[in-house]
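**Q** Okay, predicted coordinates and the sequence, questions at the end:
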Amino acid sequence: MRLSHSYSSIKLFENCPLRYYRQRITKEVDDEGGEASKYGERIHALLENRLKGSGLPTEAAQYEPLCQSVEKLARQGELYIEKELVLNDNLTPTGWWDADAWLRSKLDVLVIVGNDAVVMDWKTGRRNADQFQMQIFAAQVFKHFPEVQRVKTSLVWLKTMEMDTNQYNRSNVNAVWAEIMKRIQRIHDAYEHGNWPARPSGLCRYCPCRHDCDYARV
Ligand code: SF4
């Protein structure tokens, strides 16, 4: 089996290897997502449509100033919405559905202004300033846009309109790749050794395996 990765799949493995195994290796369970993830998908779709030219409905009207700030920035360069960036395992760009797709990322907002890039990721959940997703996005941008020297990333917490912002420079990207590779290698090691331990936690309550998992924390 050929493994492919994304920020979500790496976090899935790190949160519980057994869940990863059952969802992504045997595929015996399917995660249909709970109310929170469906709400998040709906807000993402509304913001995507707004930035592509539609209006915002009442339930998302409070995000109009945010969208206008993105549009203002985009007037200085090029705006990409829901941009798919994919690498093969030689870290060469490839297509989302291509057989060699190895690391997939979808960026909610990407603006390229000369040698600078701005990445935003909409967050509808509780604030958690885990920058690993942004590290992956920055590393992807450097591979797909050779002219870019700096990537500024922001996790945008839509409930409170707070932001967690970081900047990555091309000269430091090797350290970012080392971190990404180290975490992906743990998945390949688990696959090679058939070692998928359960890691029960508060996340068990959202797990599609919980009804028949001996380790589920309820
Ligand atoms: S119920 Fe908990 S321990 Fe069992 S697979 Fe799911 S996350 Fe892991």
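**A** Great, that's in hand.

**Q** Quick check: residues of this structure near the ligand?
**A** 16, 18-19, 198-200, 203-204, 207, 209-210, 213, 215-216 (C-beta under 6 Å from any ligand atom). For every residue, glycine as well, the C-beta is placed using N, CA and C.

**Q** Mark which of those residues are buried, thanks.
**A** Neighbour-count burial (16 or more other C-beta atoms under 10 Å) applied to the residues of the chain next to the ligand gives 16, 18-19, 198-200, 204, 207, 209-210, 213.

**Q** least trustworthy helix or strand in the protein by mean pLDDT?
**A** Within the chain, no helix or strand scores below helix 35-51, which has a mean of 93 by mean pLDDT, DSSP states H and E.

**Q** Can I get it as CSV, trimmed to CA atoms?
**A** Only the C-alpha atoms of helix 35-51 are listed here, as CSV (Å, rounded to 0.1, in the frame of the first residue of the first chain):
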residue,chain,number,x,y,z
GLU,A,35,-21.8,18.7,14.0
ALA,A,36,-18.7,20.8,14.7
SER,A,37,-16.9,19.6,11.6
LYS,A,38,-20.1,20.1,9.4
TYR,A,39,-20.4,23.6,10.8
GLY,A,40,-16.7,24.2,9.9
GLU,A,41,-17.2,22.9,6.4
ARG,A,42,-20.2,25.2,5.9
ILE,A,43,-18.4,28.3,7.1
HIS,A,44,-15.4,27.4,4.9
ALA,A,45,-17.7,27.2,1.9
LEU,A,46,-19.4,30.5,2.7
LEU,A,47,-16.0,32.3,2.9
GLU,A,48,-14.8,30.6,-0.2
ASN,A,49,-17.9,31.8,-2.1
ARG,A,50,-17.6,35.3,-0.7
LEU,A,51,-13.9,35.6,-1.8
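
**Q** The helix or strand following it - contacts with which helices or strands?
**A** Downstream of helix 35-51, the next assigned helix or strand under DSSP states H and E is helix 64-74. Packing partners of helix 64-74 (3 or more C-beta pairs under 8 Å, 6 or more residues apart in numbering; DSSP states H and E): helix 35-51, strand 78-87, strand 103-113.

**Q** Could you pick out the longest helix of this protein?
**A** The residue-count maximum for a helix in the chain (DSSP state H) belongs to helix 173-193.

**Q** Report the buried residues of that one.
**A** So, applying 16+ other C-beta under 10 Å, buried residues of helix 173-193: 173, 176, 180, 183-184, 187, 190-191.

**Q** Closest to Asp100 out of the residues you listed?
**A** When the buried residues of helix 173-193 are compared for distance to Asp100 (C-beta to C-beta), Ile184 wins out at 15.3 Å.

**Q** Quick check: the closest one touching Ser6?
**A** No: using C-beta atoms under 8 Å, Ile184 is not in contact with Ser6, being 10.4 Å away.

**Q** Could you name every residue contacting both of those two?
**A** Taking C-beta atoms under 8 Å, 6 or more residues apart in numbering as the contact rule, Ile184 and Ser6 both touch Leu103.

**Q** related to what we said a few turns ago, same list as before, the residues of the chain next to the ligand that is, but in JSON lines and with distance to Ser154 and secondary structure included.
**A** JSON lines is the format used below for those (distance: C-beta to C-beta, whole Å; DSSP: H, G, I helix; E, B strand; the rest coil):
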{"residue": "Cys16", "distance to Ser154": "29", "secondary structure": "coil"}
{"residue": "Leu18", "distance to Ser154": "33", "secondary structure": "helix"}
{"residue": "Arg19", "distance to Ser154": "29", "secondary structure": "helix"}
{"residue": "Ala198", "distance to Ser154": "35", "secondary structure": "coil"}
{"residue": "Arg199", "distance to Ser154": "30", "secondary structure": "coil"}
{"residue": "Pro200", "distance to Ser154": "33", "secondary structure": "coil"}
{"residue": "Leu203", "distance to Ser154": "25", "secondary structure": "helix"}
{"residue": "Cys204", "distance to Ser154": "31", "secondary structure": "helix"}
{"residue": "Cys207", "distance to Ser154": "29", "secondary structure": "coil"}
{"residue": "Cys209", "distance to Ser154": "33", "secondary structure": "coil"}
{"residue": "Arg210", "distance to Ser154": "33", "secondary structure": "helix"}
{"residue": "Cys213", "distance to Ser154": "36", "secondary structure": "coil"}
{"residue": "Tyr215", "distance to Ser154": "36", "secondary structure": "coil"}
{"residue": "Ala216", "distance to Ser154": "35", "secondary structure": "coil"}
